[in-house]
Each structure stands twice: as structure tokens, then as C-alpha cells.
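Peer 1: the following block contains a protein sequence and its predicted model.
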Amino acid sequence: MMGSDAAAPEVRRCAGCGQAAAVCVADWQHTSMGMRSGASTRDFACQACGRRFTLVPKLRIWVWGVSAVLFVWTCVLGVVFGGIAAWQAWPWHANPVVPGAAMPALRFRADIPVRRCGSCGGTASCRQVTAKRSSGIPTGTDHAFECSGCGTRFTTTSVWGHVMLWLGRLVSAVRNPLIAAPIER
Ligand SMILES: [Zn+2]
Ligand SMILES: [Zn+2]
């Protein structure tokens with residue numbers, strides 16, 4: 001398997017306005033155990049109307065799809081996993097590549113999260129996004145920020161992550177009463 005890192009300008013047809021004007025504005029490289037896995041999640045922005053969409057690696061969509069088949073007997077999980085697979089696969093189909101399309105002028109750029117630095121009051125931009133899992137269940141997303149002024153680094157965790165972590169602890173506490181730990185906060 002060869003990694004296709006050659007970044008040929010890829011122009012996609014926007015599902016919103018129908019123009020061949022959607023280009024990749026942010027490429028989030030995936031790392032696994034500190035190594036680049038070759039996969040990446042790409043944020044696109046339509047340079048005609050400003051519409052944005054995200055393409056996750058097809059491998060991940062396959063994992064959700066296979067999970068849906070494996071868990072179809074549980075009905076609920078089958079529908080949930082199938083729904084996630086369909087949701088992530090949709091932008092691939094709705095915004096097809098337009099071969100040979102001219103690169104549009106960049107009007108809409110990356111929508112990279114920015115926060116104010118607590119140390120110097122400068123601007124800290126997002127450097128890395130970490131999707132966390134516990135027993136295969138997504139438990140939220142960490143955003144790692146780095147201040148451009150003083151270099152301070154900090155990480156934020158999505159609210160969803162706190163909820164899922166709490167639920168996970170609750171479930172494991174019910175299942176394993178002997179090793180139940182007190183729930184923090
Ligand atoms: Zn558009
Ligand atoms: Zn700072």
C-alpha cells in the first residue's frame with residue numbers, strides 16, 4: 001500500500017451551490033502512537049458560497065459500516081453505527097471530485113479553532129485534534145492549543161467527552177461493583 005501524500009489540488013463539486021469550487025482548507029493528519037498513520041480528516045470549504053464539509057478517512061466509515069453489520073442483531077446499535085457510517089459517507093457522495101477543474105481563488109479559509117492564551121493574552125490556535133475512545137465508544141474530542149506569543153500549550157475537552165466518560169464510569173460501576181471507583185466531580 002502506497003501512501004498517496006502527493007497533494008494534487010483536489011476540487012470538489014459543492015452540494016450547496018453546485019459549483020466546482022470546494023477545496024481542502026485543513027488537513028488533519030492522524031497519528032497513532034506518535035506515528036503518522038497516513039490517514040487524515042480533511043475540512044473543505046466551497047470558495048463560491050462558503051459552505052463547509054468534512055471528509056473522514058474511508059477506512060473509518062468502513063469500520064462503522066462493519067460494526068453496523070456485526071451489531072445488526074441488537075437493532076439499536078446496528079441502526080446507530082449504520083447511521084454514523086451513512087452520515088460520514090454522505091459528504092463523499094454529495095461533493096464529488098471534478099477532474100481537471102481549475103483551482104478557485106481562496107476566499108474562505110480553514111476554520112481552525114482559536115482561543116485566547118491564559119498566560120499572555122495572545123492568540124492560541126489549535127495544533128492537534130484527538131478523538132478519544134473508551135472500549136471503542138467515542139468519548140469526546142481533545143483540542144490541543146499552542147500560543148503563538150509565549151508558546152504555552154493547553155488542551156480542551158469537549159463537553160460530550162465529559163458526559164460519555166461519566167456514563168462509561170456509571171456503566172462499569174454497575175457491571176463491576178467490586179472495583180467501582182468513586183465518581184469524580
Ligand atoms: Zn458552494
Ligand atoms: Zn501566550
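Peer 2: In hand now; what should we look at? Ligands and ions are numbered 1, 2, ... in the order given.
Peer 1: surely residue 57 meets residue 39?
Peer 2: Yes - using Cβ atoms under 8 Å, residue 57 makes contact with residue 39 at a distance of 4.0 Å. For glycine as for every other residue, the C-beta is placed from the backbone atoms N, C-alpha and C.
Peer 1: between those two, what contacts are shared?
Peer 2: Contact criterion Cβ atoms under 8 Å, 6 or more residues apart in numbering; residues bridging residue 57 and residue 39 by contacting each: residue 30.
Peer 1: residue 108 touches residue 43, doesn't it?
Peer 2: No - checked against Cβ under 8 Å, the pair residue 108 and residue 43 is beyond contact range at 10.5 Å.
Peer 1: more neighbours, the two?
Peer 2: residue 108 (19 against 16; other Cβ atoms under 10 Å).
Peer 1: quick one, what contacts that one?
Peer 2: Counted by Cβ under 8 Å, 6+ apart, residue 108 has contacts 25, 45, 46, 47, 50, 52.
Peer 1: can you flag which of those belong to strands?
Peer 2: Residues from these lying in strands, with DSSP state E as the criterion: 25, 45, 46, 52.
Peer 1: so the host helix or strand of residue 40, near ligand 1 or not?
Peer 2: For residue 40, the enclosing helix or strand under DSSP states H and E is strand 35-46. Yes - remark: strand 35-46 sits within contact range of ligand 1 at residue 46, by Cβ under 5 Å from the ion.
Peer 1: quick one: list the elements packing against that strand.
Peer 2: Packing contacts for strand 35-46, counted by 3 or more Cβ pairs under 8 Å, 6 or more residues apart in numbering; DSSP states H and E, involve strand 20-32, strand 52-55.
Peer 1: average pLDDT across that strand?
Peer 2: For strand 35-46, mean pLDDT rounds to 86.
Peer 1: likewise stretch 63-74?
Peer 2: Rounded mean pLDDT across stretch 63-74 is 93.
Peer 1: now do the contacts for the residue nearest to residue 122 when sequence neighbours are not counted.
Peer 2: Of all residues not flanking residue 122 in the chain, residue 149 sits nearest, at 3.1 Å (Cβ to Cβ, 6 or more residues apart in numbering). By Cβ under 8 Å, 6+ apart, the contact set of residue 149 is 117, 120, 121, 122, 123.
Peer 1: can you select the buried ones from those residues in PyMOL?
Peer 2: Listed next is the PyMOL selection for buried residues among the contacts of residue 149, using 16 or more other Cβ atoms under 10 Å:
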select buried, resi 117
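Peer 1: among the contacts of residue 149, which pair sits farthest apart?
Peer 2: Pairwise distances across the contacts of residue 149 (Cβ to Cβ) peak at 9.7 Å, for the pair 120 and 123.
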